[in-house]
Every structure is written in C-alpha cells, then in structure tokens.
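**Student:** task: produce atomic coordinates for the following.
(chains A and B)
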Amino acid sequence: DGGITQSPKYLFRKEGQNVTLSCEQNLNHDAMYWYRQDPGQGLRLIYYSQIVNDFQKGDIAEGYSVSREKKESFPLTVTSAQKNPTAFYLCAGKPSGRDTEAFFGQGTRLTVV
Amino acid sequence: EDQVTQSPEALRLQEGESSSLNCSYTVSGLRGLFWYRQDPGKGPEFLFTLYSAGEEKEKERLKATLTKKESFLHITAPKPEDSATYLCAAGSGTYKYIFGTGTRLKVLA
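**Tutor:** Numbers count the residues shown, from 1 in each chain, chains lettered A, B, ... in the order given. I've put the predicted structure just below:
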C-alpha cells in the first residue's frame, strides 16, 4: 500500500529519555513535515524538510530533532529537553508543486509516564 | 500574522439536518485552502482544495466553497458516519500550512 506510515501507533516514554518516532513514505514526496496536535489547538509545525539532507525549524522546534538522510524517511526525536512531550504527533508529505495538499500518516500518540 | 479560525468549535446535528462549518482566514499569499476530515486517534484525511474565490467542490454530502476571507463546508442531509472533526488549513508561501482548531461534528441517528 502507498502512503505515509508512522510507527509506533502508541509510545510511552519515561522522563529524561529520548524517543524516536518513525515516518516513512513511498509516495515520492519531496517535502515532509512533523506536526504536533494537542486538544483544542490546531496542528503546530515542529520541523519540515523540502529535500534530502535539509530541514527547517517550524514554530515549536525546541526539544525536538530530525534527520532526512533518505527521501523516504523523516524520523523525529523527542529529546529530554522537551518539557511537555505528551501529544499526538503527525507526519505529512507534500507532492512537488506549489499548490498541492499535504497527506498525513495515522499518527503516533506519545505519553510520558 | 497569518491566522485561520474555525467555527463553531462543536456542532450536533440530527441525521438529515443540513448545516455549514465556517473557516475564516487571514493569510498573505494564499496558495490554497484545504479541508480535511479527522476521526478520533487517526491522521487527517484530505477532502478538498480550493484555489480561488468563487470556487466550489463537492463530494457526496459535502460541498466546500471559498470567498476572499472565508471558506464554508456545507453538509447536506448528514448521516452518523459523517461524525468527525473537520479541519481547514490555509497554504501560505511555498511550504507552510496554517491549521484551524477544527469543528467537532456529531450527527445523531
């Protein structure tokens, strides 16, 4: 099946630990994004990448890191510096072209225990 | 500052009771207005893209329209399976999407 695949669906983290969320796509999308979703708030951009080996901070990048070594993969690491990491994380891809829509994965729910 | 506001926050309808959801936007260089449906615990599912004022798009019981300041998602004769959160997003610049907080729709049988 084609699409944006996020794993795991649920993730539990102890305080002080780093965790990495996986995002893989087979849609040949150039651009990929990570968003955070909290109840009552819109999706907030963490990082985005337009091409391999290049990525840019979004509005809430503090405490997060990413890499883009392959076009198909855009993993997000939630570091211990992120003080409130419990949230629903969404990865998205965007086809080339200025006016195209983003397509989302099914999300990873991260809970700090 | 670019901003997208959706209203109402929540809406309860009886099955068959038509209504509209509103998305107001203030975005410089709008490159598209996007509607998504999101079910609980899942990622948003793309519905429509609108590019210019006056444009309309339809899919089953849903119709999206666009003016220079707002977009509406009209739901005609909704069914319980239409219950979801509906998100709108404005495309700004070459890469950015600004999302509203969504409207939670509940359709009662």
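**Student:** ok, the residue most central in space within chain A - contacts?
**Tutor:** For chain A, the residue nearest the mean C-alpha position is A:Trp34 (2.9 Å; CA atoms, centre = their mean). Each residue near A:Trp34 by CB atoms under 8 Å, 6 or more residues apart in numbering or on different chains is listed here: A:21, A:23, A:45-48, A:58, A:64, A:66, A:74, A:76, A:89-92. For every residue, glycine as well, the C-beta is placed using N, CA and C.
**Student:** can I get stretch A:54-73 in PDB, CA atoms only?
**Tutor:** The C-alpha trace of stretch A:54-73 is given here as PDB (Å, rounded to 0.1, in the frame of the first residue of the first chain):
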ATOM      1  CA  ASP A  54      18.000  19.700   4.500                       C
ATOM      2  CA  PHE A  55      15.400  20.600   7.100                       C
ATOM      3  CA  GLN A  56      14.000  23.700   8.700                       C
ATOM      4  CA  LYS A  57      12.600  24.500  12.200                       C
ATOM      5  CA  GLY A  58       8.900  25.200  12.500                       C
ATOM      6  CA  ASP A  59       7.100  27.100  15.100                       C
ATOM      7  CA  ILE A  60       7.800  24.700  18.100                       C
ATOM      8  CA  ALA A  61      11.100  23.000  17.300                       C
ATOM      9  CA  GLU A  62      12.600  23.400  20.800                       C
ATOM     10  CA  GLY A  63      13.200  19.900  22.300                       C
ATOM     11  CA  TYR A  64      12.900  18.100  19.000                       C
ATOM     12  CA  SER A  65      15.400  17.000  16.300                       C
ATOM     13  CA  VAL A  66      15.000  15.400  12.900                       C
ATOM     14  CA  SER A  67      17.100  14.000  10.100                       C
ATOM     15  CA  ARG A  68      16.500  13.500   6.400                       C
ATOM     16  CA  GLU A  69      19.100  11.100   5.100                       C
ATOM     17  CA  LYS A  70      16.700   9.400   2.600                       C
ATOM     18  CA  LYS A  71      13.800  10.900   0.700                       C
ATOM     19  CA  GLU A  72      11.600   8.200   2.100                       C
ATOM     20  CA  SER A  73      12.300   8.700   5.700                       C
END
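**Student:** near chain B, which residues of chain A are found?
**Tutor:** Within chain A, the positions near chain B by CB under 8 Å from any CB of the partner chain are A:4, A:6, A:31, A:33, A:35, A:40-43, A:45, A:48, A:50, A:88, A:90, A:94, A:98-107, A:109.
**Student:** pLDDT weak spots in chain B?
**Tutor:** Low-confidence segments of chain B, defined by pLDDT under 70, are absent.
**Student:** what segments of it are strands?
**Tutor:** Taking DSSP state E, the strands of chain B run over residues B:3-7, B:10-14, B:19-26, B:30-38, B:45-50, B:56-59, B:62-66, B:70-75, B:84-92, B:96-99, B:103-108.
**Student:** name the helices or strands packed onto the fifth one?
**Tutor:** Under the contact criterion of 3 or more CB pairs under 8 Å, 6 or more residues apart in numbering or on different chains; DSSP states H and E, strand B:45-50 touches strand A:103-104, strand B:30-38, strand B:56-59, strand B:62-66.
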